[in-house]
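J.: Below: sequence and its predicted model.
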Amino acid sequence: MKQSIAVSLAACAALVGTTSCGFSAEVKSVQDIGKAIDACWHPPAGGKNSTVTLRLGFKRDGSLLGPPRASSVQVKGDDKARKAYVDAAVKAVTDCTPLGFSPDIAKGMAGQIFALSFRSDGSTALAPAR
C-alpha cells in the first residue's frame, strides 16, 4: 500500500510538474534543483550547527540515478542523532524527486554527480561533486 501511494505521488508530480513538497516550477538550472529539494528539507530537532552532504545524480527524466549517499556527516551527538540527520536528508531528496527538468537541462544532466549539503538552519547548497 505504501509503495502504491508513493508511486501515485511521483506520477502526479510528473504530470503536474510539482514535487510532493510543492516546488511547482520547471527545473531549468542547477540552482533550481537546490531550490526544489530545499522545499522538502526539514532538519531534525536538536541538530544545531550540523551539516550532512549527500552525493547524488539524476537521470534525464528527473529521477535519481541511484540512492543518495552520505559523503560528509558533521552532526553533534551520538550515532542515533547522526543517523536521524542523514535519514532526514535522504528523505528530502526522495520526497522531492523526480524533478521536472526542462529539455535543456535534461540534456546535460544525465550522469552528473552532485554534492548536496543540508544544514541545520534549513538551507541547502548544491555543487558539482569533486
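T.: Nice, thanks for sending it over.

J.: CA atoms for contacts and neighbours, from now on please.
T.: Will do.

J.: what sits against the residue nearest to the spatial centre of the chain?
T.: The chain has Val93 as the residue nearest its centroid, 2.5 Å off, counting by Cα atoms, centre = their mean. Listed by Cα atoms under 8 Å, 6 or more residues apart in numbering, the contact set of Val93 reads 37, 40, 68.

J.: so where do the helices sit in this structure?
T.: 2-16, 30-38, 79-96, 103-109 (DSSP state H).

J.: most surrounded residue in the contacts of Val93?
T.: Highest neighbour count within the contacts of Val93: Ile37, with 27 neighbours (other Cα atoms under 10 Å).

J.: Let me know the outermost residue of the protein.
T.: Asp78 (24.1 Å).

J.: Okay, now the unreliable bits of this structure?
T.: Residues of the chain that meet the criterion pLDDT under 70 lie in 1-24.

J.: what's near enough to touch the spatially closest residue to Ala106 that is not a sequence neighbour?
T.: Closest residue to Ala106 apart from its sequence neighbours, by Cα to Cα, 6 or more residues apart in numbering: Arg60 at 4.6 Å. Arg60 sits next to 101, 106-107, 109-110 when contact means Cα under 8 Å, 6+ apart.

J.: For those, please prepare TSV with the additional fields neighbour count.
T.: Shown next, in TSV, are the contacts of Arg60 (neighbours: other Cα atoms under 10 Å):
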residue	neighbour count
Phe101	25
Ala106	18
Lys107	12
Met109	19
Ala110	17
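
J.: ok, which pair from those is furthest apart?
T.: The distance between the two most remote of the contacts of Arg60 (Cα to Cα) is 11.0 Å, for Phe101 and Ala110.

J.: Compute the number of surrounding residues for Gln31.
T.: Using other Cα under 10 Å, Gln31 is surrounded by 12 other residues.

J.: Nearest residue to it in space, please, no chain neighbours.
T.: Of all residues not flanking Gln31 in the chain, Leu126 sits nearest, at 7.4 Å (Cα to Cα, 6+ apart).

J.: same check, this time on Lys59
T.: Closest residue to Lys59 apart from its sequence neighbours, by Cα to Cα, 6+ apart: Ala110 at 4.8 Å.
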